[in-house]
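Engineer: I would like to see how this sequence folds:
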Amino acid sequence: MKFELTKEQQMIQKSAADFAKNTLEPIAFDIDRTGEYPSVAIKAMAAHDFMGITIPTEFGGIDTDYLSVALISEAFGKANAAAAAIAIAHAVMAAGTIAKYGSVELKNNYLSAMANGEILGGYALAEPNAALASGPDKVVAVKDGDKYLLNGKKFFVANGGVADVYVVIAQTNEEAGQKGVSAFVVDASEATVVRSVDKLGLRAFPTAEIKFKNAKAVLLGAEEDGVKIMKDIQARADVAFGAVAVGIGQAALEESITHCQNRVQFGNPIGKIQAVQWLLAEMATNIHMMRLAVYKAVNSVQENDNYIYDAAFMKMYVMKAGVDAGMNAVQIHGGIGYSREHNIERYFRDIRGAFNIENVSEYPQKIIAGMLLK
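Structural biologist: Predicted structure coming up:
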């Protein structure tokens, strides 16, 4: 397993880093304060082909390998994690899923417009106050001719309220419980936004509660393929969000190094203090191992080799290591790290939020334990 980048991957990495530095980073602080959706930046992403990274070239996308998806996600995460989350929800969770499981008609209807940014994609999995397919507001799909009608509510919808089309997981066989779910594509015009959800981190990444009432939907894959598709979406998204966490951690590390070199106490830079050096070394080690874990999961996705499990291993490790790195950055910066006048506390909030957009029942521990105990 080699992680050497090809010339094309190096070009993609540089292009993403330059775009992120010039377009995403300058707005990151302000949109975290306001929670405002960065529409201009997202349009610029599309103009630079970043919205079509999972879409086949025949539909106007660039259909990159998954390492390139991770490299772009890391570069965006380093500059502006909320914007990175918007891009992942669109490209990985929505467009990539339609490209992989959609009919020819669905692909023709959506992918070209998703590649050029005319249509933004979102993803709806979790449901209010209960596990998937179990609460009073669960989304149920009933067949109506060649389409389906959806009724119920979804919570914490990725790109909720701004997306033009959603990939939705809904129940088609109530007797089968969570195993009786299917995946659908639903136009946003068929959904009603109940409320936007404010969050601790990734504040400019739109999440919402939405309601379906006899919403027309088109099936993705086959009936009761929902669990398979849901796990696939989650694994691919987790790998991309793992890369975002690496990017956030890298930004926090670089600012911490600069702070250690410039902040003077008792006549010397604080980087001369052994306890601070230890925090910095632990932080760098965590980020290094996080990146390796992400690349290992990326390799599994590209090889189609048990990536559901490798993504779960990666997620479980990166969640903890990322938060630890964020805490070290706050500690190194002292009062400045805790102040909302600087970036460090945002990095800490965002790195925790990078894995907080899914149903609680899909925590990696469940997937890993299920594999071990089967």
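Engineer: which sections of this protein are below the confidence cut-off?
Structural biologist: 1-2, 357-362 (pLDDT under 70).
Engineer: Following the chain onward from the longest helix along it, which element is next?
Structural biologist: If each helix of the chain is counted by residues according to DSSP state H, the longest one is helix 226-262. Counting by DSSP states H and E, the next helix or strand C-terminal to helix 226-262 is strand 264-265.
Engineer: partners of that following strand, with directions?
Structural biologist: strand 268-269 (antiparallel) (DSSP bridges).
Engineer: isn't there a helix covering Asp18?
Structural biologist: Yes - assignment of Asp18 by DSSP: H, G, I helix; E, B strand; the rest coil places it within a helix.
Engineer: can you tell me how far the most far-flung residue of the chain relative to its centre sits from Ile273?
Structural biologist: Largest separation from the mean C-alpha position in the chain: Gly267, at 43.8 Å (CA atoms, centre = their mean). Distance of Gly267 to Ile273, computed by CB to CB, to the nearest Å: 12 Å. C-beta: built from backbone N, CA, C; applies to glycine.
Engineer: What segments of the chain are helices?
Structural biologist: Under DSSP H, the chain gives helices at 7-19, 25-34, 39-47, 66-79, 81-88, 96-101, 104-115, 226-262, 274-303, 307-333, 335-338, 344-353, 364-373.
Engineer: and of those helices, who's closest to Arg203?
Structural biologist: Among the helices of the chain, helix 25-34 comes nearest to Arg203, with 5.2 Å by CB to CB.
Engineer: buried residues in the closest one?
Structural biologist: Going by neighbour count (16 or more other CB atoms under 10 Å), the buried part of helix 25-34 is 25, 27-28, 31-32.
Engineer: Can you tell me which helices and strands it packs against?
Structural biologist: Other elements packing on helix 25-34 under the criterion 3 or more CB pairs under 8 Å, 6 or more residues apart in numbering; DSSP states H and E are helix 81-88, helix 344-353.
Engineer: who does the longest strand along the chain touch, helix- and strand-wise?
Structural biologist: Secondary structure of the chain per DSSP state E: the longest strand is strand 207-220. In this structure, strand 207-220 packs against helix 96-101, strand 147-158, strand 165-171, strand 181-187, strand 191-196, with contacts taken as 3+ CB pairs under 8 Å, 6+ apart.
Engineer: Can you name every helix or strand that the third one contacts?
Structural biologist: Applying 3+ CB pairs under 8 Å, 6+ apart, one finds that strand 165-171 contacts strand 121-124, strand 140-144, strand 147-158, strand 181-187, strand 207-220, helix 226-262.
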